[in-house]
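Peer 1: Predicted coordinates and the sequence they were generated for:
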Amino acid sequence: MLLASIHLHEYIPGQRLPSERELGAQLGVNRTAVREAVRWLEHEQYIEVRRGKYGGAFVRQPVPELTLQRLRENLDELRQLLEYRAAVEPVLAAVGAERSTPEAVARLRELHAQECDPELPRAQFRAIDVNLHEIVVGLAHNQMSLTALTEIRVRLAPALDLLGPSADRRQESREGHAHLIGAVAVRDASAAAVAMDRHIEATERAIRAALASRGVKLPLTRPTPAVREGWLEARGHPAGAGG
C-alpha cells in the first residue's frame, strides 16, 4: 500500500512519510508491519531513512538504472498493461463525460491551470496528472472503474519514471488534458473517448522512445490506427470526433 501511494504521487520525492503510528492508523496495520514495509522500501531504494532530530523516511527520486532493470525484467507485463489501458481508459472517460458535473469541470480546469505553470516541479505535475484522471473516471460513480484506474496508474509509474524532463512532452500532456476536459465539460462522450485514446497513445509513444534510447524494444501493444478507429466507431465514439 505504501508503494502504491508513492507510485500514485500521494507522496512525492523529497517528502517525508508520516510517522509509524500515523501510517499504521492509515493502513489499518500494527507498527511492526509498518517497520517491515519501511525496511523493504528502503532496501528497494524507494525511500531513504535519515537519522537524527530531523530524520524520518523520505521518498527518493527514482533511480534510472534500477527503474530500467525492473522494466527489462517485466517487459511483457508492461505490454499487457499498455494494451489494457488502451482498451479501458477511453471507455471510462466516455462514461465520466456523460455524467460530468459543473463542480467537477471547475476542479479539472483548476488542475489544468496549475499544470500549465512552467515552474511546476515534475513530481507535482505527475501528482496533478493522477488527480485529473481520477476525477474524470470518478464521475462515473463506479468503484470498480476507479479500482481499475488505480491499478493502471500504480503499474504504469515505473515506465513514467523513466521519462526524463521534457518541455515538449509536458506540453503534449497538457494539450491532451485540455481536449479531454473540453469534452467532459460539454458531456461529449465520443470526444472524451477519442481524447483519452490519443492522450494515452502519446504517453505510450514516449515510453517506447525512452526504452528504445536505452536499447530496449517494447513489443507492439496497440492495433493499427485503422483497427483502433474501427473499434471506437463500433462503440459509438467516432474516431474523428474530439480534439
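Peer 2: Noted; the coordinates are in hand.

Peer 1: isn't Leu180 right up against Ala94?
Peer 2: No - the pair Leu180 / Ala94 is not scored as a contact, 10.8 Å apart, by Cβ atoms under 8 Å. C-betas here are computed from N, CA, C, even on glycine.

Peer 1: intersection of neighbour lists for these two?
Peer 2: Ala192, Met196 (Cβ atoms under 8 Å, 6 or more residues apart in numbering).

Peer 1: Quick one: neighbours of the closest residue to Leu156 other than its chain neighbours, just the number.
Peer 2: Leaving aside its sequence neighbours, Leu156 sits nearest to Leu81 (Cβ to Cβ, 6 or more residues apart in numbering; 6.3 Å). Counted with other Cβ atoms under 10 Å, residues neighbouring Leu81 total 18.

Peer 1: in whatever helix or strand Leu81 lives in, what's buried?
Peer 2: Using DSSP states H and E, Leu81 sits within helix 75-98. By neighbour count on 16 or more other Cβ atoms under 10 Å, the buried set for helix 75-98 is 78, 81-83, 85-86, 88-97.

Peer 1: so what's the residue most central in space within the chain scoring on pLDDT?
Peer 2: Ranked by distance to the mean C-alpha position of the chain (Cα atoms, centre = their mean), the top residue is Arg153 at 4.1 Å. On the pLDDT scale, Arg153 is placed at 95.

Peer 1: Need the residues that contact the helix or strand hosting it.
Peer 2: In this assignment (DSSP H and E), Arg153 forms part of helix 143-161. Residues from elsewhere that reach helix 143-161 (Cβ under 8 Å, 6+ apart): 3-4, 7-8, 62, 64, 67, 70-71, 77-78, 81, 84-85, 88-89, 92, 95, 126, 130, 133-134, 137-138, 203, 207, 210.

Peer 1: Please apply the same query to stretch 106-113.
Peer 2: By Cβ under 8 Å, 6+ apart, stretch 106-113 touches Ile128, Asn131, Leu132, Ile135, Val136, Arg174, His177, Ala178, Ile181, Val184, Ala185.

Peer 1: Not including adjacent chain positions, what is the nearest residue to the fifth one?
Peer 2: It refers to Val136. Closest to Val136 by Cβ to Cβ, 6+ apart is Gly96, at 4.5 Å.

Peer 1: now the strands for the chain?
Peer 2: Here the chain has its strands, by DSSP state E, at 47-50, 56-59.

Peer 1: winner for burial among those?
Peer 2: strand 56-59 (a mean of 20; mean count of other Cβ atoms under 10 Å).

Peer 1: All the helices of this structure, residue numbers only.
Peer 2: Per DSSP state H, the chain carries helices over the ranges 2-7, 20-27, 31-43, 64-73, 75-98, 102-115, 122-138, 143-161, 167-185, 189-212, 225-234.

Peer 1: Now the shortest one: buried residues?
Peer 2: The neighbour-count check on helix 2-7 (16+ other Cβ under 10 Å) flags Leu2, Ser5, Ile6, His7 as buried.

Peer 1: Nearest to Ser19, out of those residues: which one, please.
Peer 2: Leu2 (13.1 Å; Cβ to Cβ).

Peer 1: Could you check how many residues crowd around the spatially closest residue to His133 that is not a sequence neighbour?
Peer 2: Using Cβ to Cβ, 6+ apart and skipping residues adjacent in sequence, the residue nearest His133 is Leu149, 6.3 Å away. Per other Cβ under 10 Å, the neighbour tally for Leu149 reads 20.

Peer 1: ditto for Arg169
Peer 2: Neighbour tally, Arg169, other Cβ under 10 Å: 17.

Peer 1: for it, what are its contacts?
Peer 2: So Arg169 contacts Leu163, Ala206 (Cβ under 8 Å, 6+ apart).

Peer 1: Roughly how far does it sit from Arg21?
Peer 2: Separation of Arg169 from Arg21 (Cβ to Cβ, to the nearest Å): 40 Å.
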